[in-house]
Structures are given as C-alpha cells and as structure tokens.
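Enquirer: please find the sequence and the predicted model below.
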Amino acid sequence: MPSIIQQIAEALHVSSASVSRALNDKPGVGPELRQRILEKARELNYTPSVTARGLATARTFALGFFVREKPGLAAQTDPFYGEILHGVEQVCARSDYHVAIATLTADILSKPAQFRFVREGRVDGMILAGPDIPAEFIMAMLNTGLPIVLVDNRLDYQPVNCVNCDDTGGAALAAEYLLKLGHRRIGILAGPQNWPSNTRRVRGYQQVLERAGVAAHVIHMDRTTIDSGAEAYTRLTEQHPNITAVCAVNDSMAIGAIQAAQAAGRRVPDDLSVIGFDNIAWARLNRPPLTTIDVPKHQIGKEAASRLLALLDDDSLMPTEICVAVKLVERDTCARPAG
C-alpha cells in the first residue's frame, strides 16, 4: 500500500518531496499548496481525526500537557517545565478542566497516529511544551483538529498558537550586562541549532556582541543540561583559553559551566563571569547564586492554559503568538574582569 505521502502526492498531482516538506513545516512549498496538502492529509486520516470519530462534542474535560522524554537524568535536572505546568494547573483549577500529563517518547514522536491520548479521545486539547518536540509531530497533532498551544516552540511556516518569552530581548540584556562590566572575551554555550528558543537566544547574544565589535564564540551541544554545559565550557576554553565571561542559553548549562570552571581552578566571578537564562529554582541555590534572565514560567503556563480554554470555547480564533517579557536578575556570578 502506498505511503500517506505517496497517496497525497498522487491525489494532488504534486511531488512527494512537496508533500513531505508541507507535513514537516519545511520551506519550499507555496502557501496555497501547503494548505491543500494539509487538508488532504486530514481527509486521508494522516492522524486520528477527532471530528471523524464523533468526539468533537463529547468532551473529556481534560487538557493534555506533554513534554518530550529526556534522556538519563535530564528530566530531573531541569525544573523549567514543571513550573510552567504549575501555571497551567492554576488556570485549570478555576475551570471545569483537569490536566493530563505525559512524556513523549521517541516511539510516540515517530508514530503520531498511535498517540493514545488522541487515538482514544482522552483530551479535548493539548499544550506541547519544549523546543525539542519536532515539527513533524506538531503538524500531525494539528491535523487531528484538536486545539493546540505550543510553549517554548513555534513553527516557521504554519500558523499556530504558541506562548514564548522574549528570548532575543533577554539574551540582549545578558550580553549588554557583561559588556557594561567590561568583558570583551565572551563565550556562548548553546543547545541544538534547530531549537527555536535556542536560536533566538543565540541571536540575541550575537547581535549585541557584534554591534560592540566583540567576537561571539558559540559552542553548540545536542542537549542543554548541567553535564552538557560543563562539556561545552571545556570545549570553549580549549579553543579560547582567555575567555572571561560566559552566556548560557539556560541555567542548567550555566551551572554546568560553573562546576567545570571551579574544577579547573577558576573562581566565579573573580576569574570568570557566568550568566544563565530562565531563573529556575536552582539558580538562587547555586554556589555562588547565579545571575540570570528571569522567565516568568508560571505566567507562561497561565497564558498557555487560558489560550487553550479560549480555543475550546471559540474554534474560529486565529492562531496567535504570545510573547512574555523577561528581566535581568543580578546575583553573584558576574563581576568586572580581573586586571
């Protein structure tokens, strides 16, 4: 039997490549053709169709909050999404809805049609949280007809409801802060280049540094954990041993960098300044307490839940991106460069 991509391509008399690009939110497909492909995908039940199964009016009064499964202990080392979930739960507590929570395994992400929360009609809508949820899976969930809100993520070509913080502006605040302290040898510890929030934060750091005539030394890792932050710092200093300051795309990487620097005999902030991003609970408990960009995580959760409830009440609402402001929190990991 032909694959779903081949079926759509044959039905619309277009190339399989065009169908694949549309279903994966990739460039190279015009808006009209993209829409025709997505409509045909829904018609052919590319993913379980809620409407087709007659569940559109049979509400479960459950909202799904789904994050990607993290390898090893990474899930325990980054409480960022737990704080967002708390905001979601606060809003739901004032409504008739409750929250169903699950992690998205690699198997689920590769076979979205088998996602039981949709296939079995367990939720009326969902929040997909994290930049590591791939566009293909998001597109498949959109094709179910369920209301979807992304958190800390977005699509490049398909309009979608999402809630993000001002990643670029926050990174600019961090870079400007280090420049004002007098740093000119600055490194950037970053995650995967295909994560939207990571890309925006790196861009924010780079833009400010480049305007100041300062080279932006970027180290990309495949994860944004304490361990990857330590490894990124080690790689950075192997290439640029005279670095005096580090910007990290999240607090976990910043904490890892501090641990690696201290293990190498460098004092923070006397020998090295470090600034993070997110202001997770561990940031203020770190030794020394971490200077960082505060992301209002509870507010993001509340915004996401409120938007999802609004979509359930009115499915004619146009997709909207909500951008939440951030602020600098000064603690004890940044100082003027020595000498």
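Expert: Yep, that arrived.

Enquirer: count the residues that sit near the closest residue to Gln207 other than its chain neighbours.
Expert: Nearest residue to Gln207, sequence neighbours excluded (C-beta to C-beta, 6 or more residues apart in numbering): Ala172, at 6.7 Å. C-beta here means a position set from N, CA and C on the backbone, and glycine is covered the same way. Number of residues near Ala172 (other C-beta atoms under 10 Å) recorded here: 21.

Enquirer: so Ala172 sits in a helix?
Expert: Yes: assignment of Ala172 by DSSP: H, G, I helix; E, B strand; the rest coil places it within a helix.

Enquirer: quick check, it in contact with Leu209.
Expert: No: using C-beta atoms under 8 Å as the test, Ala172 is too far from Leu209 to be in contact (9.7 Å).

Enquirer: helices of the stretch 101-250 of the chain, start to end?
Expert: Secondary structure of the stretch 101-250 of the chain (DSSP state H, counting those that start in this stretch): helices at 106-110, 116-119, 135-142, 167-181, 196-211, 226-239.

Enquirer: packing partners of the third one?
Expert: Identification of packing neighbours for helix 135-142 by 3 or more C-beta pairs under 8 Å, 6 or more residues apart in numbering; DSSP states H and E yields helix 16-23, helix 106-110, strand 125-129, strand 148-151.

Enquirer: tell me where the stretch 1-150 of the chain has strands.
Expert: Applying DSSP state E, counting those that start in this stretch to the stretch 1-150 of the chain gives strands spanning 62-68, 98-104, 125-129, 148-151.

Enquirer: residues near the residue nearest to Ala22 when sequence neighbours are not counted, how many?
Expert: Counting by C-beta to C-beta, 6+ apart, Ala22 lies nearest to Ile37, which is 4.0 Å off, once chain neighbours are set aside. Residues contacting Ile37 under the criterion other C-beta under 10 Å number 24.

Enquirer: got a list of what Ile37 touches?
Expert: Ile8, Leu12, Val14, Ser18, Val19, Ala22, Leu23, Val29 (C-beta atoms under 8 Å, 6 or more residues apart in numbering).

Enquirer: let me have the residues you listed in a markdown table, extended by pLDDT.
Expert: Rendered in a markdown table, the data for those read as follows (pLDDT from 0 to 100):
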| residue | pLDDT |
| --- | --- |
| Ile8 | 81 |
| Leu12 | 80 |
| Val14 | 81 |
| Ser18 | 78 |
| Val19 | 78 |
| Ala22 | 78 |
| Leu23 | 76 |
| Val29 | 79 |
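
Enquirer: I'd like to know how many residues surround Asn242.
Expert: Burial of Asn242 is recorded as 7 neighbouring residues (other C-beta under 10 Å).

Enquirer: show residues contacting the helix or strand where Ile293 lies.
Expert: According to DSSP states H and E, Ile293 maps onto strand 292-294. When contacts are defined by C-beta under 8 Å, 6+ apart, strand 292-294 is touched by residues 170-171, 173-174, 251, 254, 275-279, 283, 326-329, 331.

Enquirer: coming back round to it: a markdown table please, covering the contacts of Ile37 and showing distance to Asp156 and neighbour count.
Expert: Shown next, in a markdown table, are these (distance: C-beta to C-beta, whole Å; neighbours: other C-beta atoms under 10 Å):
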| residue | distance to Asp156 | neighbour count |
| --- | --- | --- |
| Ile8 | 21 | 26 |
| Leu12 | 22 | 15 |
| Val14 | 20 | 17 |
| Ser18 | 16 | 20 |
| Val19 | 17 | 27 |
| Ala22 | 12 | 26 |
| Leu23 | 14 | 23 |
| Val29 | 12 | 22 |
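
Enquirer: closest one of those to Gly191?
Expert: Of all the contacts of Ile37, Gly191 sits closest to Leu23, with 24.9 Å by C-beta to C-beta.

Enquirer: for that closest one, give me its contacts.
Expert: With C-beta under 8 Å, 6+ apart, Leu23 has these contacts: Ile5, Ile37, Leu38, Ala41, Tyr46, Glu136, Met139, Ala140.

Enquirer: can you rerun that using 10 Å?
Expert: By C-beta atoms under 10 Å, 6 or more residues apart in numbering, the contact set of Leu23 is 4-5, 8, 29, 34, 37-38, 41, 46, 135-136, 139-140, 143, 158.

Enquirer: domains of the protein?
Expert: 4-43, 62-164+297-323, 167-295 (automatic domain parsing).

Enquirer: please identify the most buried of those domains.
Expert: Ranked by mean neighbour count, these are led by domain 167-295 with a mean of 21 (mean count of other C-beta atoms under 10 Å).

Enquirer: pLDDT averaged over that one - what is it?
Expert: For domain 167-295, mean pLDDT rounds to 97.

Enquirer: got the end-to-end distance for it?
Expert: End-to-end distance for domain 167-295, by C-alpha to C-alpha, to the nearest Å: 9 Å.

Enquirer: closest to Tyr81 among the contacts of Ile37?
Expert: Among the contacts of Ile37, Leu23 lies closest to Tyr81 (C-beta to C-beta), at 26.3 Å.
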